[in-house]
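# Sharing a model that was predicted from the sequence below.
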Amino acid sequence: MNSDHLAQNTVSLVNRPMDWAQKLALIAVVLLPILVLFKRVPAEVAVGVTVLIALFVAIRRRDFSWLAQGWVYAAAALSVILLALSPFSVNPANSALSAVLAFRWPVFAAALIWLFSRQPNTLVWFERAMLAVIVFIVLDTFLQYVIGRDVFGHAPSSSFRLTGPFDHPMVGTFTDRVWFIGLAVVWFAALRWRELWALLAIAGMSAIGALFLFLTGERAALLTYLLGSGLVMLGVMIHHRRWRMPLIGLLVVLGVAVTGVAITQKEMVHRSVDSTVHTIQNLDESVYGLNFMTAFAEFEAKPWTGIGTREFKAYCDTHLPAYKARYDAMGFDGAVIHPHNFYSGMLAEGGIFAFVIFVTMVLLLFAKMIGDSIRHGVPMQAYFGSAVLLTTFWPLQSTMEYFNGWTAAVIWTGVAWSMARARAA
C-alpha cells in the first residue's frame, strides 16, 4: 500500500457508522492529547484508566496477544531487573515501587496500539485532535511572545523562556515530542490532493516549528527538532526524488526567512545559539556535563547493581561530596533530581544490566516500527515515526526523566502513535 492509498483509506475510515462503545472510545482518544499534555494529574488518570480497562478486557477475553511484542517483553524485563536490584538501593522501597510502576507506560502504549488497530477510526481522530492541540499551543505561545500573555494569562518565565499554555517553561519540550505526529498528518492529508501541496505544507510547517522552538528558548528541544526534521526531509528526498531540488530550494528560502526573523531577537540568539555553542564547547564546565560525570561516577561505584531507581540525587548528596560541592557552586541545592539523560541514568541507577535491557527495548521499538512501515508499503511513515522516537530516545541530549509520570505519558503516547500508524499503514 502506498502513501496515496493510506490517505484515501484515512478518509473512508471516518465515514463508518459507530456503536456506543466505539463512540466512547472515540471521545476518549480525542481528549487524550489534552489530558496527557497539559496537566500531571489528568495525564496519570488517563494512563491509569487506559491500562486498567485494557487489562480488564484482556482478562475477560483471556487474550493478552496485544502484549506479545518484543519491546513490551524488554520493558517488562527492565522493570523486573530494576525491582530485583532495589534491595541494593539507597532507598529500596522507593526504588522497588518506581520499578513496578514504570511498566504501566509500555502497557499503556500497547493498549493504545491495540485500540488503534481494532478501531482505525480512533487513530484518525486522535491524529486530528493532536494536530489541533499542536496548532493551539503554537498560536498561544506566539501570542505570549507578542503581547506578553497567553490566553490563560500566563506570562513568560523570563525574557528568553516562554511557557505558552503551561505553568512552567516546558512548552517546547512537550510539543517537540508530538510535533512529528502533526507533521505526518499534514503530509498524508496533503498527498490526497497533490504531491506539490504536500511538499509545500511540510516545508512551511517545518519552518514554523523551527521558529516556534527557537522562540521558546529550549535548546535541547530545538536540537532534537532539527534532528527529526532533517530525518523527515531526507525521507522526502529519497522517496520523492523528482522534488529533491525544488524542496532544497524551498527549504533554503524558508531557512533564510526564519533566520532573518530570528537574528532580530538578540536575547533569543544568545540563549538558543550562542549559549548552546558555548555549552557544547565547554561541556565539562556546564551542569549538563556535571550530570554526565556524576552519573558515570555513580555507575563506577555500583556497576552491577546501580544506586537505585530515582536515587540519583540522594546518592550523590550522601556519597559523592566533591560532585555535590560542584552542584552547590552552580546554585543548586545538592545534585539535580535526575541525570537528564535516559542512558546515563540507566547506567547509574540500574547498572549495566538495566542499561543493556533499556537499549534493547529502544532498538526493538525502532525495528518494529520501521519494519511495519516498510511491509505496508509506506516508507515515509518510518521517517515520521523515527523522528517521534528520536525526540525522546536520541542518546546525545538532555532529557526529561524516564520514571516521571507526566513526562512518560507524553513519551509513550508518541510511541503508541508511531507503532500504530506503521501497523495501520
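Noted; the coordinates are in hand.

# Give me the pLDDT value at the residue nearest to the spatial centre of the chain.
With distances taken as C-alpha atoms, centre = their mean, the residue of the chain nearest its centroid is residue 177 (3.2 Å). Looking at residue 177, its pLDDT reads 92.

# just residue 10 next, same as before
For residue 10, pLDDT reads 46.

# got it, and residue 17?
For residue 17, the predicted pLDDT is 49.

# hey, where'd the strands end up in the protein?
Secondary structure of the chain (DSSP state E): no strands located.

# Residue 83: neighbouring residues, count only.
Residue 83: 18 surrounding residues under other C-beta atoms under 10 Å. For the C-beta atoms, the positions are set from N, CA and C on the backbone; glycine is no exception.

# Once you drop chain neighbours, what's closest to it?
Leaving aside its chain neighbours, residue 83 sits nearest to residue 99 (4.2 Å; criterion: C-beta to C-beta, 6 or more residues apart in numbering).

# burial of the one you found, as a residue count?
Residue 99: 26 neighbours (other C-beta under 10 Å).

# got a list of what it touches?
Shown in contact with residue 99 (C-beta atoms under 8 Å, 6 or more residues apart in numbering): 79-80, 82-83, 86, 309.

# again with residue 162
141, 144-145, 156, 169, 171-172, 215-217.

# Go again with 10 Å.
Contact partners of residue 162, counting by C-beta atoms under 10 Å, 6 or more residues apart in numbering, are 140-142, 144-145, 150, 154-156, 169, 171-172, 212, 215-218, 268.

# Just the buried residues of those.
Buried by 16 or more other C-beta atoms under 10 Å: 140-142, 144-145, 150, 154, 156, 169, 171-172, 212, 215-218, 268, out of those.

# Could you list the low-pLDDT ranges of this protein?
Scanning the chain for pLDDT under 70 picks out the ranges 1-26, 268, 270-272, 405, 425.

# on that earlier part again, looking at the contacts of residue 162, which are in helices?
140-142, 144-145, 171-172, 212, 215-216, 268 (DSSP state H).

# and of those residues, the nearest to residue 90?
Nearest to residue 90 out of the ones in helices among the contacts of residue 162 is residue 172 (C-beta to C-beta; 32.8 Å).

# distance of the closest one from residue 36?
17 Å (C-beta to C-beta, to the nearest Å).

# how many other residues sit next to residue 199?
Per other C-beta under 10 Å, the neighbour tally for residue 199 reads 20.

# For it, which residues are in contact?
Residue 199 touches 187, 190-191, 236, 240, 243, 246-247, 250-251, counting by C-beta under 10 Å, 6+ apart.

# Just checking the distance from stretch 162-171 to the centre of its chain.
Centroid separation between stretch 162-171 and its chain, computed with C-alpha atoms, centre = their mean, to the nearest Å, is 16 Å.

# thinking again about what came up before, which pair in the contacts of residue 99 spans the largest distance?
Farthest pair in those, by C-beta to C-beta: 80 and 309, 12.4 Å.

# ok, these two, which is more surrounded?
Shown here are residue 80 and residue 309; by other C-beta under 10 Å, residue 309 has more neighbours (30 against 14).

# From residue 266, how far off is the more buried one?
43 Å.

# Residue 389 contacts residue 416, doesn't it?
No - Residue 389 is not in contact with residue 416 according to C-beta atoms under 10 Å; the separation is 11.3 Å.

# what number of residues lie near the nearest residue to residue 334 once chain neighbours are set aside?
Leaving aside its sequence neighbours, residue 334 sits nearest to residue 317 (C-beta to C-beta, 6+ apart; 4.2 Å). Residues near residue 317, counting by other C-beta under 10 Å, number 17.

# check contacts around residue 317.
Applying C-beta under 10 Å, 6+ apart to residue 317 gives the contacts 90, 323-324, 327-328, 333-335.

# now with 8 Å?
Here residue 317 is in contact with 324, 334-335 (C-beta under 8 Å, 6+ apart).

# Inside helices: which ones of the contacts of residue 99?
Among the contacts of residue 99, the members that lie in helices (by DSSP H) are 79-80, 82-83.

# want to throw those into JSON lines with distance to residue 343?
As requested, the ones in helices among the contacts of residue 99 are exported to JSON lines (distance: C-beta to C-beta, whole Å):
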{"residue": "79", "distance to residue 343": "17"}
{"residue": "80", "distance to residue 343": "20"}
{"residue": "82", "distance to residue 343": "15"}
{"residue": "83", "distance to residue 343": "20"}
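
# which one of the residues you listed sits closest to residue 385?
Set against residue 385, the nearest of the ones in helices among the contacts of residue 99 by C-beta to C-beta is residue 79 (24.1 Å).

# The closest one and residue 350, how far apart?
Per C-beta to C-beta, residue 79 is found 10 Å from residue 350.
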